[in-house]
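K.L.:
Sequence isn't available, so here's the structure alone:
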């Protein structure tokens, strides 16, 4: 038995794609030329991920505007002045605001799986944004003629449709990005906001069968944008009990950049349910240092001393470029880090006799 290892999702876009996106927005290149740039980027990303030896790959989210906003592409009922998310280095990201109902996705993630499948030779996973993150689109003062209750009902239905589209398109697993989980404790230390987020995501997960939920995971991290985080100072202790109350079968957890991994691993072992699998982060995407396979091996061996061997795997702490304009990490560096994860995980498996 090998130790499973998977990427989180995003890979830095090649310069040619970023140039094509900018030129298309300025009216300087056609939509056809932009589509070719997307196709080329996906093809190259898939090829290079497969060359790392990764048993599961992604399309690198090359076609997404960001990991969070892809469902909003093409919508006309949004305003620009939504919730602002501050990062430690001072930069911010701002979500749009829903200006009128009803809420519908403009794009479903199954499209990305279908477009990547013809060039992939290994199983594809697909990342999707959480319903809790998208719940932040609804304004605090409401929308005339469209209640929050109506919005939540529509949101749950659309999130279910999004995950279903990826599974139906052939994704081997679907990962729900829940980076706002840790952030919620910074915004509301009482935990009430986190509890509401978990409840909302569980309403989505509960629409799936137990067999389907075994293929659906949840990813949490303190953010990773332009080499900065939004909630790394929030203690994992406040997040983990609520996190493992989610009805998912897989959990992808940032750990490589964590200050006290043994304490967190010990708590994970206490909370891990009998049908749940955990993928521990052994690569720090926002560090400029390229980890060696030996460093990864040591991190895997540490995790193996706490977690059941048949229910843990490895991953990266978060995506390498969750927003299309984030060029803080070089594309070659991302692939080198992923190669180290794959090789180091295999080295640890050999030491463990797996």
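P.N.:
Cool, the structure landed. None of these values were measured; they are calculated from a predicted model.
K.L.:
Can you identify each of the strands in this structure by residue range?
P.N.:
Counting by DSSP state E, the segments of the chain that form strands are 78-79, 84-86, 92-94, 97-98, 125-129, 173-177, 216-220, 250-253, 277-283, 312-316.
K.L.:
Residue 326: which of those is closest?
P.N.:
Shortest distance between residue 326 and the strands of the chain, using CB to CB, is found for strand 92-94: 10.1 Å. Yep, even glycine has a C-beta here, placed from its N, CA and C like the rest.
K.L.:
Just the buried residues of the closest one, please?
P.N.:
When neighbours are counted by 16 or more other CB atoms under 10 Å, the buried residues of strand 92-94 are found to be residue 93.
K.L.:
what lines up beside it in the sheet?
P.N.:
strand 84-86 (antiparallel) (DSSP bridges).
K.L.:
what's around residue 295, how many residues?
P.N.:
A count of neighbours around residue 295, defined by other CB atoms under 10 Å, yields 16.
K.L.:
Next: residue 353.
P.N.:
Applying other CB under 10 Å, we find 7 residues neighbouring residue 353.
K.L.:
what's the distance between it and residue 171?
P.N.:
Residue 353 sits 31 Å away from residue 171, going by CB to CB, to the nearest Å.
K.L.:
Compare the strands of the chain and give me the one nearest residue 198.
P.N.:
strand 216-220 (9.6 Å).
K.L.:
Off-centre distance for the closest one?
P.N.:
Put simply, strand 216-220 sits 7 Å off its chain's centre (CA atoms, centre = their mean, to the nearest Å).
K.L.:
Equivalent analysis for stretch 290-299, please.
P.N.:
Here the centre of stretch 290-299 is set off from its chain's centre by 22 Å, with CA atoms, centre = their mean.
K.L.:
Mind listing what's buried along it?
P.N.:
When burial is assessed from 16+ other CB under 10 Å, stretch 290-299 yields the following buried residues: 291, 293, 295, 296, 297, 298, 299.
K.L.:
can you pull the contacts of the second one?
P.N.:
In this case it means residue 293. When contacts are counted by CB atoms under 8 Å, 6 or more residues apart in numbering, residue 293 is found next to 340, 343, 344, 347.
K.L.:
Give me the below-cutoff pLDDT ranges for the stretch 151-300 of the chain.
P.N.:
Within the stretch 151-300 of the chain, the ranges that satisfy pLDDT under 70 run 224-229, 231-232.
K.L.:
So which of the buried residues of stretch 290-299 belong to helices?
P.N.:
When the buried residues of stretch 290-299 are checked against helices using DSSP state H, the ones located there are 293, 295, 296, 297, 298, 299.
K.L.:
Would you tell me which one of those comes nearest to residue 85?
P.N.:
Taking CB to CB as the measure, residue 299 is the one of those closest to residue 85, at 28.5 Å.
K.L.:
Quick check, the closest one in contact with residue 282.
P.N.:
Yes - assessed by CB atoms under 8 Å, residue 299 is found in contact with residue 282 at 4.3 Å.
K.L.:
who touches both of the two?
P.N.:
Looking at what touches both residue 299 and residue 282 (by CB under 8 Å, 6+ apart), the common residues are 255, 256, 314, 344.
K.L.:
re earlier: can you put the strands of the chain in JSON lines and add distance to residue 11?
P.N.:
Listed next are those as JSON lines, based on distance: least, CB to CB, whole Å:
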{"stretch": "strand 78-79", "distance to residue 11": "27"}
{"stretch": "strand 84-86", "distance to residue 11": "22"}
{"stretch": "strand 92-94", "distance to residue 11": "19"}
{"stretch": "strand 97-98", "distance to residue 11": "30"}
{"stretch": "strand 125-129", "distance to residue 11": "12"}
{"stretch": "strand 173-177", "distance to residue 11": "15"}
{"stretch": "strand 216-220", "distance to residue 11": "15"}
{"stretch": "strand 250-253", "distance to residue 11": "16"}
{"stretch": "strand 277-283", "distance to residue 11": "13"}
{"stretch": "strand 312-316", "distance to residue 11": "10"}
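K.L.:
Nearest to residue 148, out of those strands?
P.N.:
strand 97-98 (10.4 Å).
K.L.:
in its sheet, what does the closest one sit against?
P.N.:
Strands flanking strand 97-98 in the sheet, each with its direction: strand 78-79 (antiparallel) (DSSP bridges).
K.L.:
Going by neighbour count, which residues of stretch 260-277 are buried?
P.N.:
By neighbour count with 16+ other CB under 10 Å, stretch 260-277 contains the buried residues 261, 264, 265, 267, 268, 271, 272, 276, 277.
K.L.:
contact partners of it?
P.N.:
4, 210, 214, 217, 236-237, 240-241, 244, 248-251, 253, 255, 258, 278, 280, 299, 302-303, 305-308, 311-313.
K.L.:
Next: stretch 14-29.
P.N.:
Counting by CB under 8 Å, 6+ apart, 30-31, 33-34, 37-38, 40-41, 44, 62, 324-325, 327, 331 sit against stretch 14-29.
K.L.:
One more pass at 10 Å, please.
P.N.:
12-13, 30-42, 44-45, 60, 62-63, 65, 324-325, 327, 331 (CB atoms under 10 Å, 6 or more residues apart in numbering).
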